[in-house]
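Asker: what's the 3D shape of this:
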Amino acid sequence: MPPTRSASLFGLSVAALAFAVGCATTPAPIAIPKIPEASSIALLRPGDSLSIALQGVPDPSSNTVQIDEQGLISLPFIGTLHAAGASTAEFSQRIRETYISRKIYTTVDVSVSVTERFIYVGGEVQRPGRIIWTPDLTVAKAIQSAGGFTLYAKETAVSLVREKNAYPIDVKRAQKNPELDPKLVPGDSLQVSRSPF
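Answerer: Model (predicted):
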């Protein structure tokens, strides 16, 4: 009887330990479930560079603009328009309606495309600054694009800031396990702190 009881206790201990280990590893990929859906990634945001083409008018044109920090762009004849938060299709329609309602054109075809989007890397990396975003860009890849860590970087606690929330990312572990290396979205920023030793 005693061996059976200790076997049961041992089994319970192993199960509890496995549960505790499972719980301990859960926080590492905390940023992964927070990644926005593709529809919200597609929305325009400050910092995006746009190409806006006007066709079907006497003076067809193509304008390259960047959305400013207030979410605005400026176009000939109509001035500033709010772009941030709209999809490219919605923004195309807004531009078209503005040109027609102000009687600048009676008809106009507008196409809007995003030419460049960025993420930002700061702190203890070789080349801090902005990096062009691509759909496959992850935290570890962004650090590599910024020249890698400096000698004093705290590689196990990189802060991913997204929509005013910060998530700690252990880049050392992420380099070994791609599941712990979250994909970035335009507008994300990474801050690499200095290790105390």
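
Asker: alpha carbons only for contacts and neighbour counts from here, please
Answerer: Fine.

Asker: could you list the low-confidence segments of the protein?
Answerer: Under the criterion of pLDDT under 70, the regions of the chain flagged as low confidence span 1-41, 197.

Asker: show me where it has its helices.
Answerer: Counting by DSSP state H, the chain forms helices over residues 2-25, 38-41, 88-101, 139-145, 171-176, given from the N-terminal end onward.

Asker: buried set for the third one?
Answerer: When burial is assessed from 16 or more other Cα atoms under 10 Å, helix 88-101 yields the following buried residues: 88, 91-92, 94-97, 99.

Asker: ditto for the fourth one
Answerer: Across helix 139-145, burial judged by 16+ other Cα under 10 Å covers 139-143, 145.

Asker: what residues does it touch?
Answerer: The set of residues external to helix 139-145 that reach it, using Cα atoms under 8 Å, 6 or more residues apart in numbering, is 121, 125, 131, 149, 171, 174-175, 181-184, 190.

Asker: one more pass at 6 Å, please.
Answerer: Contacts to helix 139-145, defined as Cα atoms under 6 Å, 6 or more residues apart in numbering, come from residues Asp181.

Asker: which helices and strands sit right next to the longest strand seen in the chain?
Answerer: With secondary structure taken from DSSP state E, the chain has its longest strand at strand 153-162. Judged by 3 or more Cα pairs under 6 Å, 6 or more residues apart in numbering; DSSP states H and E, strand 153-162 is in contact with strand 165-169, helix 171-176, strand 189-194.

Asker: for it, which strands pair with it and how are they oriented?
Answerer: Each strand that pairs with strand 153-162, with its direction, by DSSP bridges: strand 165-169 (antiparallel), strand 189-194 (antiparallel).

Asker: pull the residues that contact it.
Answerer: Counting by Cα under 6 Å, 6+ apart, residues outside strand 153-162 touching it are 124, 166-172, 188-195.

Asker: switch the cut-off to 10 Å
Answerer: Residues outside strand 153-162 that contact it (Cα atoms under 10 Å, 6 or more residues apart in numbering): 31, 34-36, 120-125, 139-140, 143, 149, 165-174, 182, 184-197.

Asker: care to break the chain down by domain?
Answerer: 2-35+118-194, 48-116 (automatic domain parsing).

Asker: the ones you listed into TSV, with extra columns for distance to Ala42?
Answerer: Shown next, in TSV, are the domains of the chain (distance: least, Cα to Cα, whole Å):
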stretch	distance to Ala42
domain 2-35+118-194	9
domain 48-116	6
